[in-house]
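Peer 1: How does the following fold in three dimensions:
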Amino acid sequence: MKIKDIVFTQGVSAYFFDDQLAIKQGAVRDGTLYRGEAVTPGFHSIRMPGESVSIGILPEEGTIAFGDCCAVQYSGAGGRDPVFRADKYVPFLEEKIKPLLKGQEFSSFREVCQYIESLRVKGGGKLHTAIRYGLTQALLSVFATVRHKTMAEMIAEEYSLPIHSERVKILGQCGDARYENVDKMIIKQVDLLPHGLVNNVEEKFGPHGEKLKDYVSWVSDRILDVRNDPDYIPDIYLDVYGLPGMVFDNDISKILALLGELADRAQPFSLKVEGPVDAGGRAGQISVMKKLMEGVEREGIPVELVADEWCNTLEDIDVFSREGAAHMLQIKTPDLGGINASIEAVLLCQSRGVKAYLGGTCNETDISARVCTHVAMATHPDQILAKPGMGFDEGYMVVRNEMERIMALMERL
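Peer 2: Residues are numbered from 1 along each chain as shown. Have a look, this model is predicted:
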């Protein structure tokens, strides 16, 4: 495949960039806004509009395929790259990256991904994760188009994988509509719910975790009360953004006690908890998470711990999985850069007996979500995030429908 031309367009993503540290420190929510001063470098306000850059690659074969550069909602937090500003990076892509790719010929998707990973900006650093993410989406799509395959087939071919005919479990995320969207999830029988967006002590966690406990009780009771099918048994999944560790000063015994009570309140449904601590760095995060894992096993607490913060890159996934620092690792697709890294991260987790969650962010686009769904159908992680957006319906539609299309095509081949 030889690249004839490339186009770049500024766009929007499906949510916002939020200053996670400012929110954790008690920023006051006012409608859709947050009042207060931003504290994370790169933020001029606590909530900023999400942005994207669409990359269109035109090969000599005359087709065109797109990928979207986008970054996570909580950019700049937990060791992640800074906020991705489209007005800054479109000129950079035109001036610095387009000349390096235009006219180049590549024999495989993996080859061109290695080339993208090798590119360095002034000062020696890699390209922003959002740029690598968008470029490799477009390249995967164009290779699939040129070779008359689905993207899932292209991945399976290049990584010697079978195409799975079973649907991957989908996690819905409720955003701040933490009650209304649970009802939507139950009606549509999503596999895991509600995510919860437990990112503020005063509003959602409580001084001792009491608000979170009450919320879990409500979610469990609500499923039992309004489900139409008694065989509908979803998992309860919560993202708590390190608040237990922050509130309890990383006291393992207190965090374990909270996890135990949350698991009891979740019954009869299984419980997964993402991000119980944020230790401020990878080594510290692994150390605390391993202690929690040991405590959960020792005390027989029926909960699965999911790593997110400080588990951002393929190297991080390697270390976390080798150390056994969580039952499940979130592969936060934009944070890993190239989509090839997300593919390899799922396979790495599977090789080590660690559950893989092909996640991402509400702040993505329809294109990036569809590409990730093809990754899921080729690699078959334990679950995938319904994205983009925080309204649930739209993201669930994008991922679920793309999954059904892939399965239908596979059955005909």
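Peer 1: Select the longest helix from this protein.
Peer 2: When the chain is parsed with DSSP state H, its longest helix is helix 393-412.
Peer 1: just the CA coordinates of it, formatted as PDB?
Peer 2: Taking Å, rounded to 0.1, in the frame of the first residue of the first chain, the C-alpha atoms of helix 393-412 are listed here in PDB:
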ATOM      1  CA  ASP A 393     -27.400   5.200  24.500                       C
ATOM      2  CA  GLU A 394     -25.200   6.600  21.800                       C
ATOM      3  CA  GLY A 395     -22.000   4.900  22.700                       C
ATOM      4  CA  TYR A 396     -23.800   1.600  23.300                       C
ATOM      5  CA  MET A 397     -25.400   1.800  19.900                       C
ATOM      6  CA  VAL A 398     -22.100   2.500  18.200                       C
ATOM      7  CA  VAL A 399     -20.200  -0.400  19.800                       C
ATOM      8  CA  ARG A 400     -23.100  -2.900  19.900                       C
ATOM      9  CA  ASN A 401     -24.100  -2.300  16.300                       C
ATOM     10  CA  GLU A 402     -20.600  -2.500  14.900                       C
ATOM     11  CA  MET A 403     -20.100  -5.800  16.800                       C
ATOM     12  CA  GLU A 404     -23.300  -7.200  15.300                       C
ATOM     13  CA  ARG A 405     -22.100  -6.200  11.800                       C
ATOM     14  CA  ILE A 406     -18.800  -7.900  12.200                       C
ATOM     15  CA  MET A 407     -20.400 -11.100  13.500                       C
ATOM     16  CA  ALA A 408     -22.800 -11.100  10.600                       C
ATOM     17  CA  LEU A 409     -20.000 -10.700   8.100                       C
ATOM     18  CA  MET A 410     -17.900 -13.400   9.700                       C
ATOM     19  CA  GLU A 411     -20.800 -15.900   9.400                       C
ATOM     20  CA  ARG A 412     -21.000 -15.300   5.700                       C
END
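Peer 1: What is the neighbour count of E202?
Peer 2: E202 is flanked by 11 other residues according to other CB atoms under 10 Å. For every residue, glycine as well, the C-beta is placed using N, CA and C.
Peer 1: Looks like it contacts G26 (just checking).
Peer 2: Yes. Proximity of E202 to G26 meets the contact threshold set by CB atoms under 8 Å, at 6.5 Å.
Peer 1: how is the protein carved up into domains?
Peer 2: Structural domains annotated on the chain: 3-159, 170-412, as defined by automatic domain parsing.
Peer 1: Can you tell me which of the ones you listed is most buried?
Peer 2: Stretch with highest mean neighbour count among these: domain 170-412 (a mean of 20; mean count of other CB atoms under 10 Å).
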